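S.K.: quick one, fold the following:
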Amino acid sequence: MAKIYRLAICLTAGGLLTWNAAAEVLAEDAKPLPTVQIDLFDETDPDDPFGPAEPDDKEEERATESSSKDDDEGSTATPEATIKPRYIRLHLKDGSVIAGELSSPDISVTTEFGPLKIPVDKIVRFQPGLNSYPNLATKIDELFEGLGADEFRAREQSYKELVAYGNKIQNLLVRYENDSNLERKNRVDQIRKELDESDTKDDEFDSDLADRPWQRDDFITTTKFTVVGKIVEESFQVDSKYGELTVKLSDVQHAERPQSGRGIVKKSLEVSGANLVQRVWKSTGVRVSKGDEIVVRADGEIMMTPWGNNMQSKPDGGAQFGWYVQNEIAGGTLCARIGEQGQAIKVGGRATFVAKRSGTLQFGVAMVHNYAQANYNFPGHYDVQVKVRPK
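M.R.: Below you'll find the predicted structure:
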């Protein structure tokens, strides 16, 4: 495969610079020169544990044509990139991400049952608890205390500030369910109701470590089990592509370590009434591996022309539209398959399943066979969202 190169153009003094070095020089108001110097470098970062990006929509047709070659049968699997033993990605509270190798081969955790040392290469992810953010923890405790204050204005202000944190405080409400201060107890009940009414997020599809409710303790998920306790290290030394950096635990929103060289993939696409399973499937351009978890959410409508009366089907289909697979997959149902040789998998408007083979993920609409083979049009489309979690 041909390598892709890009140009880093620097008009500053000081010799040939990469893009990042040029940015630093320009930030210091370096004076421009009349000549242009160019640095060519490989777009593929050899230190990037995730490898090349997924193909975009423009490559969809080629992905469909080659998907059969990606199947388990009759093909040789491409070896995945080796993840360095101490590599980790730290997502900070300000939204930035620092990736690199930790200076230490393990992380120390104090638990209820004693101390543990967890090798970095066994960590899947970790999320600091509220106790690892001492300033924030103090503020939250003061706000809950304020719900029982003597003055109405103080109670109202605490209430508004706590509600503003949204779902993050959900787990903290339990502590005050049977509070002896009736004013505080009533306010906590009101907060819970307000959070329940405003929570429209699909936890399985939309949840992110950054959005999950706070816990008091730190959570460390390993390849074998989850540890609950307190991370001992107050800071981490990270050898990144920008040099050695010190990152405070109190600045970390969450951390993750890729296990297979691949990250979570999200994709949105339209599956039209022309994408019948008997005609042509719609490719996502995303290659999944056996064992990957696939989460699908779909909405929209397709006109079921043969039935007349402007009858429409949603992604779950319906028995009134006949059967693609008798008593199993009704007409109009959104289906998935993996690779050209994969069997149709019933998806509907909501599904989670594990890939039983490797190949390119595709979608289609199930239809009664004789109508699919006739010259009928099925206007409309389903809006499909896909999340692939690597095994």
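S.K.: ok, what's across the strand from the nearest residue to Ile338 once chain neighbours are set aside?
M.R.: With C-beta to C-beta, 6 or more residues apart in numbering as the criterion, Ile338 has its nearest non-adjacent residue at 4.5 Å, and that residue is Gly359. To be clear about C-beta, it is placed using only N, CA and C from the backbone, and glycine gets the same treatment. Beta-bridge pairing for Gly359 (DSSP bridges): Val288.
S.K.: from what I can see Gly359 touches Gly342, true?
M.R.: Yes - using C-beta atoms under 8 Å, Gly359 makes contact with Gly342 at a distance of 6.2 Å.
S.K.: okay, these two: which has more neighbours?
M.R.: When Gly359 is set against Gly342 and neighbours are counted by other C-beta atoms under 10 Å, the residue ahead is Gly359, at 25 against 21.
S.K.: what about the more buried one, distance to Tyr159?
M.R.: Shown here: Gly359 relative to Tyr159, a distance of 53 Å by C-beta to C-beta, to the nearest Å.
S.K.: now do Glu233
M.R.: When Glu233 is compared with Tyr159 (using C-beta to C-beta), they lie 36 Å apart.
S.K.: quick one: which of the two has more around it?
M.R.: Tyr159 (18 against 14).
S.K.: so where's the stretch 251-391 of the chain uncertain?
M.R.: Filtered on pLDDT under 70, the stretch 251-391 of the chain yields the residue ranges 259-261.
S.K.: that's a strand at Val238, yeah?
M.R.: Yes - Val238 forms part of a strand when assessed by DSSP: H, G, I helix; E, B strand; the rest coil.
S.K.: who does Lys299 form a beta bridge with?
M.R.: If you look again at residue 299, you'll see it is Asp, not Lys. The residues that Asp299 bridges to, once DSSP bridges is applied, are Asp383.
S.K.: try Val227
M.R.: With beta bridges defined as DSSP bridges, Val227 has these partners: Ile220.
S.K.: my read is that it contacts Ile220, right?
M.R.: Yes - if you go by C-beta under 8 Å, Val227 and Ile220 touch, sitting 4.3 Å apart.
S.K.: so for stretch 112-129, mean pLDDT?
M.R.: Along stretch 112-129, the predicted local confidence has a mean pLDDT of 94.
S.K.: with only the CA atoms kept, save it in CSV.
M.R.: Output of stretch 112-129 as CSV, limited to C-alpha atoms (Å, rounded to 0.1, in the frame of the first residue of the first chain):
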residue,chain,number,x,y,z
GLU,A,112,-10.4,-2.8,51.5
PHE,A,113,-8.5,-6.2,51.4
GLY,A,114,-5.0,-4.8,51.2
PRO,A,115,-2.6,-3.1,48.7
LEU,A,116,-2.3,-4.2,45.1
LYS,A,117,0.2,-3.5,42.3
ILE,A,118,-1.5,-3.7,38.9
PRO,A,119,0.8,-4.1,35.9
VAL,A,120,0.1,-1.4,33.3
ASP,A,121,-0.2,-4.0,30.6
LYS,A,122,-3.1,-5.7,32.4
ILE,A,123,-5.1,-2.5,32.7
VAL,A,124,-8.1,-2.0,30.4
ARG,A,125,-9.2,1.4,31.8
PHE,A,126,-9.4,3.2,35.1
GLN,A,127,-11.6,6.1,36.3
PRO,A,128,-10.6,8.1,39.4
GLY,A,129,-13.4,8.5,42.0
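S.K.: in that stretch, what's buried?
M.R.: Residues of stretch 112-129 classed as buried under the neighbour-count rule (16 or more other C-beta atoms under 10 Å) are 116, 118, 120-123, 125-129.
S.K.: re the thing from before, joint contacts of Val227 and Ile220?
M.R.: Between them, Val227 and Ile220 share these contacting residues under C-beta atoms under 8 Å, 6 or more residues apart in numbering: 109, 118.
S.K.: of the two, which one has the most company?
M.R.: More neighbours sit around Ile220 than around the other of Val227 and Ile220, counting by other C-beta under 10 Å; the figures are 24 against 20.
S.K.: what sits against the more buried one?
M.R.: Going by C-beta under 8 Å, 6+ apart, Ile220 touches 107, 109, 118, 123, 125-126, 226-229, 231.
S.K.: now Ser103: closest residue in space that isn't a chain neighbour?
M.R.: Nearest-residue entry for Ser103: Gln237, 3.8 Å, with adjacent residues in sequence omitted and distances by C-beta to C-beta, 6+ apart.
S.K.: now do the one you found against Gly300, distance only.
M.R.: When distance is defined by C-beta to C-beta, Gln237 is 50 Å away from Gly300.
S.K.: check Pro134 too.
M.R.: Following C-beta to C-beta, the distance that separates Pro134 from Gly300 is 48 Å.
S.K.: okay, those two: which has more neighbours?
M.R.: When neighbours are counted by other C-beta under 10 Å, Gly300 comes out ahead of the other of Pro134 and Gly300, with 18 against 10.
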